[in-house]
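> Sequence plus the predicted model coming up.
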Amino acid sequence: MARHRPKAVTLTEAAAERVKKLMADRGAGYLRVGVKNGGCAGMEYVMDYVSEPDLLDERVEDQGVEIVVDSKSLLFMLGAQIDYEITPLHAKFVFRNPNETDACGCGESVTLAPAQLSD
């Protein structure tokens, strides 16, 4: 019997609706999410359009949309929730990530620890 495998990341309804609109406006492809080294806290979240997922990318289907998680970022992204916030001052994707250990004051970079995998 196969063991239940949780989704690497999840999306809120607001994030899923925004991704649907972005991808419909582009006509095709995928939204890839991940992290890269940078910023004053050490890492930054990144999002990019790709025509096809890389062979090792993690495909995630949630709330009726499919995104891909960069394979090199996967351990840093496990358990994260992606939201889309609209306020009077901004509209942006927001990452709620249990692997964050710190963040810079401006909110643009974070310190991440790899997810601890359990048996």
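Sure thing, it's come through. Given the structure is predicted, the values throughout are model-derived calculations rather than measurements.

> Report the buried residues of the longest helix along the chain.
Longest helix of the chain, by residue count under DSSP state H: helix 13-26. If you call a residue buried by 16 or more other CB atoms under 10 Å, then helix 13-26 has these buried ones: Ala14, Ala15, Ala16, Arg18, Val19, Met23. Every C-beta, even on glycine, is put in place using the N, C-alpha and C of the backbone.

> Just give me the least confident of these.
Lowest pLDDT among the buried residues of helix 13-26: Met23, with 93.

> is it true that that one touches Glu66?
No. Met23 is not in contact with Glu66 according to CB atoms under 8 Å; the separation is 9.1 Å.

> Closest one to Met43 out of the buried residues of helix 13-26, please.
Distance to Met43 across those (CB to CB) is lowest for Ala15, with 19.9 Å.

> tell me the contacts of the closest one?
Gln63, Ile82, Asp83, Tyr84, Phe93 (CB atoms under 8 Å, 6 or more residues apart in numbering).

> Likewise for Leu22?
Residues in contact with Leu22, defined by CB under 8 Å, 6+ apart, are Leu31.

> thinking again about what came up before, of the contacts of Ala15, which belong to strands?
Counted as lying in strands by DSSP state E, out of those, are Ile82, Asp83, Tyr84, Phe93.

> mind listing the strands for the chain?
For the chain, the strands defined by DSSP E occupy 9-11, 30-37, 43-50, 58-62, 65-69, 80-86, 91-96, 100-103, 110-112.

> got CSV for those strands, with mean pLDDT and mean neighbour count too?
Listed next are the strands of the chain as CSV, based on pLDDT from 0 to 100; neighbours: other CB atoms under 10 Å:
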stretch, mean pLDDT, mean neighbour count
strand 9-11, 96, 22
strand 30-37, 93, 19
strand 43-50, 92, 15
strand 58-62, 95, 16
strand 65-69, 95, 20
strand 80-86, 96, 18
strand 91-96, 94, 14
strand 100-103, 74, 14
strand 110-112, 65, 20
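
> Since that was my last question, I'll sign off now.
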